[in-house]
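*Asks:* this one's structure only:
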């Protein structure tokens, strides 16, 4: 479904990604793990179009993402839940969800998708008229994921969904990811929390200082030493 | 050789009126010098990102207070001008202090100063019984028209020398600020106020210092203009047009260079004169129209002004040739 | 006092337009009042010279100034979106200069008037001019319409969202350039409406923008740039002060009082100014 080949990207003179190649097949859940500063968020942004690659190709179901205008990428079925949620703080939960369903193809389905999201997140239904900025971290994460789901995406990009959340909430978030997966959605998760994410995904890539170090099935990676080396340097 | 250039140039400028004293060119030069001084005063704070759109107000205060003190109070400009300058300083403090104290910067500050020049204009118009309002105001001529006490001189050469000295003094002040700790403090502030404050810079005090300095110099320019022209009106010495004119001239000439504002003055005043001669009375409004278009074009294509862009060009040529 | 209310309505309309553009595009149109001036000239010519019925003239005026807003954005603002904010400000200053001078060259400095003599109504024992009432009603209706647009439509939601988090808009599928254009057109249209209302009561001349331009800026700064509700409240407060000042003295003193009030407010209630960094 999604294939990156030798992608390079960065910010101005600073290069963050070096020859990154990965792929995500339909129905899979793939993780990208790595320590801080590895380039994980940059990777997400390149896929969703917030920054452009300087080299390499990104293809989503046959469409070249690098030449697609950023605001069109959502229409291709790619929904990105950004790092630290990035909700619109002075808009209500429902308004935030509405923004998720902004693309013309999603508008006729707005009410149906709204129901789907509220089924998934009953707490959001309760707080539908509450200002997003006034909610707790866990609730904001739910809202952010819900917002991404409003466009009925084919591929969901999750950038560090557990960041800043208490362990109990982290559990809930990954259970949620499991449920989303089970409904048939393809998911690409970028995470620092290795244990949690490797239990939820099929495969994973290890990204360190912009390079893909290892790739493999989640179970294999959990057992191997390469992760420990990458994170702790031992 | 180039080190002696300023001295040679300065000597030439000093000697000029004794060699060549046609009144009209001298008049133009005097006007250029006075406005250069005003523009330089503006750029002293403008270069640090403290863009004021209200300097027309200070100039107006300088001009009108001097004239009114003379006509009504029979107070010599030797006292009237310091009075006017003090009034401008007070006005600057009253407006700038709350702005700086409460971190009103950038957009907000520009808008507040814009309103200030508008308000000064309104006050002048509102007190029309005293100031003549939009019809303008004339300081009374003293006896023969030439008097040191009244600071009125009919001889253009004298005025030329006065304007030259004041202009040079303005450049001197500019370069002193350029070499002072105040400059580094203000540059740090314009980069990041919080960081500057954290290193012990008294942000409000420093900004206030430069603002008052700039305002008082501008007021002096206004007073000088008044004494020279012997006629002032709200839209020639105050108001938003004057404020914008200042910005335009400095942007065109170059804001980070000491002679930038002067170059800007030369360009704008010569342009106005050319248009006036060419169009005659139909020229009303055309000069500002051209300024407006040029300002937009300059901001888009040459934000560093002519002098600044040339300096960049010279630097890059030097790089490639070495 | 009533007159203060009515002036407040128009000022609120003006500050709404300015706040919209600033909130969404992060640029202040210093020449906003000059757009209104052009609109007023437009109304003058459409009605007095071409004898169009006033409502038609108003419609053309609103659309016309809306288009001017689009042109302003495309020619001047868009090329400077990445530049330093002060450059953006100065560029609109250049446009101010240009528009004032263009008006001087094209129309001369004489004051022009629509020559409409609208009736004066007696409401609850007070004399209220019909034009003022109309202005207030129109301004109110316009603001309600804008409010509904912002809260009930997708584009309106996008406009509110951009003001809160510009960077992630592409993730929502929003083309920010289109939103900027729509906002510019809307800001222009509001100016056009203000022009129609103001021309009923005031003469037009090239520098008429200087009478209410600075006041609009003060209102927006006091209410906090980009804050629609703040601008609304501040507009009425200022209008009240101007009216009171203008009642006993010349109108110019009203503006002076308003400015003095502004300075005092900055000292007294800085929290009322949510204006922190630019």
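*Replies:* Arrived safely. The model shown is predicted, which means the values in this text are computed figures rather than measured ones.
*Asks:* now the helices for chain A?
*Replies:* Remark: helices assigned in chain A by DSSP state H are A:40-48, A:93-100, A:110-120, A:122-126, A:137-149, A:167-182, A:194-200, A:218-223, A:226-232.
*Asks:* Select from the ones you listed the stretch with the lowest mean pLDDT.
*Replies:* Lowest mean pLDDT within those: helix A:226-232, at a mean of 65.
*Asks:* Got the confidence number for the spatially closest residue to residue A:24 that is not a sequence neighbour?
*Replies:* Nearest non-adjacent residue to residue A:24, counting by CB to CB, 6 or more residues apart in numbering or on different chains: residue A:2, 4.4 Å away. The way it works is simple: take the backbone N, C-alpha and C, and place the C-beta from them, glycine included. You'll see residue A:2 listed with a pLDDT of 84.
*Asks:* any idea how far the spatially closest residue to residue B:286 that is not a sequence neighbour is from chain A?
*Replies:* Distance criterion CB to CB, 6+ apart; nearest residue to residue B:286, sequence neighbours excluded, is residue B:275 at 5.2 Å. For residue B:275, the distance to chain A (CB to the nearest CB, to the nearest Å) stands at 44 Å.
*Asks:* Repeat that for residue C:68.
*Replies:* For residue C:68, the distance to chain A equals 27 Å [CB to the nearest CB].
*Asks:* show me what contacts that residue?
*Replies:* Residues near residue C:68 by CB atoms under 8 Å, 6 or more residues apart in numbering or on different chains: C:35, C:38, C:188.
*Asks:* Compare those residues and tell me which is most surrounded.
*Replies:* Within the contacts of residue C:68, neighbour counts (other CB atoms under 10 Å in any protein chain shown) peak at residue C:188, which reaches 30 neighbours.
*Asks:* Doesn't that residue lie inside a helix?
*Replies:* Yes - residue state for residue C:188 (DSSP: H, G, I helix; E, B strand; the rest coil) corresponds to a helix.
*Asks:* and the residue lying closest to it once chain neighbours are set aside, what helix or strand is that in?
*Replies:* Closest residue to residue C:188 apart from its sequence neighbours, by CB to CB, 6+ apart: residue C:69 at 2.2 Å. Residue C:69 is part of helix C:54-72 when elements are defined by DSSP states H and E.
*Asks:* what about that helix, distance to the chain center?
*Replies:* 14 Å (CA atoms, centre = their mean, to the nearest Å).
*Asks:* What of stretch C:190-202?
*Replies:* Taking CA atoms, centre = their mean, one finds stretch C:190-202 lying 9 Å from the centre of the chain it belongs to.
*Asks:* And stretch B:196-208, by the same measure?
*Replies:* Counting by CA atoms, centre = their mean, stretch B:196-208 comes out at 26 Å from the chain centroid.
*Asks:* and if you look at stretch B:214-234?
*Replies:* So, by CA atoms, centre = their mean, the centroid of stretch B:214-234 is 9 Å from its chain's centroid.
*Asks:* Residue A:119: how many residues sit nearby?
*Replies:* By other CB under 10 Å, 10 other residues sit near residue A:119.
*Asks:* Pull out the buried positions in stretch C:234-248.
*Replies:* Judged by neighbour count (16 or more other CB atoms under 10 Å in any protein chain shown), stretch C:234-248 contains these buried residues: C:234-246.
*Asks:* what mean pLDDT does the helix holding residue C:69 have?
*Replies:* 92.
*Asks:* buried residues in that helix?
*Replies:* Using 16+ other CB under 10 Å as the burial criterion, the residues of helix C:54-72 that qualify are C:54, C:57-58, C:60-62, C:64-66, C:68-70, C:72.
*Asks:* pLDDT weak spots in chain C?
*Replies:* C:1-3, C:123, C:125, C:246-252, C:269-278 (pLDDT under 70).
*Asks:* mind listing the helices for it?
*Replies:* In chain C, the segments counted as helices under DSSP H are C:2-25, C:32-44, C:54-72, C:85-107, C:130-152, C:154-164, C:176-201, C:209-223, C:228-248, C:251-268.
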